[in-house]
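*Asks:* Provided below for reference: sequence and predicted model.
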Amino acid sequence: MSVILGIDLGTSSVKAMLLDSCQGVLGVEASKYDVRIPEEGYAEQEPLKWWEETKKIILKLKDRYGEAFQNIKAVGFSGQMHGIVLTDEKGSPLRPAILWLDQRSKRELEQIHEKMDFDKMGSIFKNRVYTGFGFPSLLWIKEHEPEILRKTKAVMMPKDFIRYKMTGKTASDVTDASSTTVFDTAKRTWAYDVIEEFGLPKDIFPPCGEPMDIAGYVTKECEKECGLQAGIPVVYGAGDQQAQSIGNGIYEEGKIICNIGTGGQISAYVKNPVYDRQLRTHTFCHPIDKGYTIFGATLCSGMSLKWLKDKILQVEDFDRLSRMAGEILPGSEGLIYLPYLTGERTPHMNPCAKGMFAGLILGHDRRHMVRAVMEGVTMSLKDSLSIFKELGIKCDTIIASGGGANSHEWLQMQADIFGKNVIVCEVSEQACLGACILAGVGTGIFDSMKQAIKKFVAFRDKVYEPDEQNQRLYEQQYERFRTLYKNNKEWMVN
């Protein structure tokens, strides 16, 4: 029997899973934390806080599954993408991490666009650069905190810092590194010419490995801090979107995932670096067969519902919100919500986009607002699905993932709005499972990705099928949703 530890460092929490190579998932522990917003448009977290919370949940797993814990043979990672951690020569963070939803680098984004047109970005990055991505965030630090950059020995992505604390090795992996957009995605290496052109120091960018390769081994110091035995191999791991796709059973082309977490994504695995020439979607490296993931992203998916829950309605839990939405007919009696609370990526790529409700009448109440938010988030994800169709990416069935997959109402809404059957994986923590599978394949515990996925990924019996009447209603509502942004984008400025 071999046990694998998979760690998923998310934006809202860190989670850890123990996977028995024979029995399957033994247990999961999680610890939440907040995003720090010191100024409007900023989004930061403390890397050492991540490490403290990671240690806590590992120790909880040790206490709860003592015998299995002693049989851990590999560690894998999944993590929030795009953000950056700057460390000094001792490996200590020099400042809080800048996260993916940060918008402070708008001016730096303009500077990038002045030097690089879409054709150049597409040829190298396969992506449009966006606020919150590592590239413009580094330029912001270069401009506003030059003393920090001078002291920087290495730049890492969030999960890389946790792996560093376990192994003492500074590195990144190609999936996460490609999400910084200062990376040659097709060549799977840092875009050193671009790095030099923009005056960033080349030597701070660490070596990049493939997600299933062994990055290092648990150190004695890590053993003292969280109980993991020294010498356990640790693989590089992957960005959360790619790990989640594996945890949802993706090992070949033809399946599409809709993830509704803090942010939201529509994603597909592709063998070649396909990308949208208008750069409305993202194409990043993927672990399987050195392939790629293409996805569209909306910034405020679950975060939109959390904003409504905490700041507007002050409701205690998401389950109640889901029940409230179920009391209102599809279409929310004409109420439409744009989920652009922190700007938007796909398809608008507009950091100045704003959220809004439209169509309010006296008959609307809090339940209509809840349903409209859920519908608006789903329609924003349909924008990505529409681009996939333009690119010829097949989609017969949607695999729903993330917190949105915990709501019956939201699952049926996805089926009706997308016009596709929707299924859900039995294991709820797909990113953790993906991290475990990456580690298991990388260390030889599993023979192949396909074997591991077929063994551990199963789907619920329930299939959510689109209701024809609701589908027609939502097609009309979707056109109004798209028109609402077009007619209002001119006033959406800083």
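*Replies:* Structure received.
*Asks:* In this model residue 209 seems to touch residue 442, though I could be wrong.
*Replies:* No: between residue 442 and residue 209 there is no contact under C-beta atoms under 8 Å: 9.9 Å. Yep, even glycine has a C-beta here, placed from its N, CA and C like the rest.
*Asks:* So for those two, which sits in the more crowded spot?
*Replies:* residue 442 (24 against 20; other C-beta atoms under 10 Å).
*Asks:* so what's that one up against?
*Replies:* Residue 442 sits next to 74, 76, 211-214, 233, 235 when contact means C-beta atoms under 8 Å, 6 or more residues apart in numbering.
*Asks:* And for residue 378?
*Replies:* Shown in contact with residue 378 (C-beta under 8 Å, 6+ apart): 260, 410, 413-414, 417-418.
*Asks:* does it count as helix, strand or coil?
*Replies:* helix (DSSP: H, G, I helix; E, B strand; the rest coil).
*Asks:* same check, this time on residue 357
*Replies:* Per three-state DSSP, residue 357 ends up strand.
*Asks:* That one and residue 335 touch, don't they?
*Replies:* Yes: using C-beta under 8 Å, residue 357 is in contact with residue 335, at 6.5 Å.
*Asks:* Looking at the two, which is more packed in?
*Replies:* Between residue 357 and residue 335, counted using other C-beta under 10 Å, the more crowded position is residue 335 (22 against 16).
*Asks:* what helix or strand is the residue nearest to that one when sequence neighbours are not counted on?
*Replies:* Spatial nearest neighbour of residue 335, excluding adjacent residues (C-beta to C-beta, 6 or more residues apart in numbering): residue 372 at 4.3 Å. Using DSSP states H and E, residue 372 maps to helix 366-390.
*Asks:* didn't residue 257 look like it was pressed against residue 249?
*Replies:* No: using C-beta under 8 Å, residue 257 is not in contact with residue 249, being 9.2 Å away.
*Asks:* Can you tell me the SS state at residue 250?
*Replies:* coil.
*Asks:* number of nearby residues for it?
*Replies:* Considering only other C-beta under 10 Å, residue 250 is surrounded by 26 other residues.
*Asks:* Between residue 257 and residue 249, which has more neighbouring residues?
*Replies:* More crowded of residue 257 and residue 249, by other C-beta under 10 Å: residue 257, with 25 against 22.
*Asks:* Quick one: the helices in the stretch 1-150 of the chain, in order.
*Replies:* 47-64, 66-69, 106-115, 118-124, 134-144, 146-151 (DSSP state H, counting those that start in this stretch).
*Asks:* Return the most buried member of those.
*Replies:* Burial of those is given as mean neighbour count (mean count of other C-beta atoms under 10 Å); helix 134-144 ranks first at a mean of 22.
*Asks:* Residues contacting it, please?
*Replies:* 82-84, 86, 95, 98, 102, 104-105, 107-109, 111-112, 129-130, 148-149, 155, 157, 179-182, 198-200.
*Asks:* Can you give the distance of it from its chain's centre?
*Replies:* 21 Å (C-alpha atoms, centre = their mean, to the nearest Å).
*Asks:* That helix relative to helix 106-115, how many degrees between them?
*Replies:* 110 degrees (axes from the mean of the first three to the mean of the last three C-alpha atoms, to 10 degrees).
*Asks:* Which residues belonging to the helix holding residue 372 are considered buried?
*Replies:* Using 16 or more other C-beta atoms under 10 Å as the test for burial, helix 366-390 gives 367-388.
*Asks:* Stretch 317-329 too?
*Replies:* Buried residues in stretch 317-329, counted by 16+ other C-beta under 10 Å: 318, 321-322, 324-326, 328.
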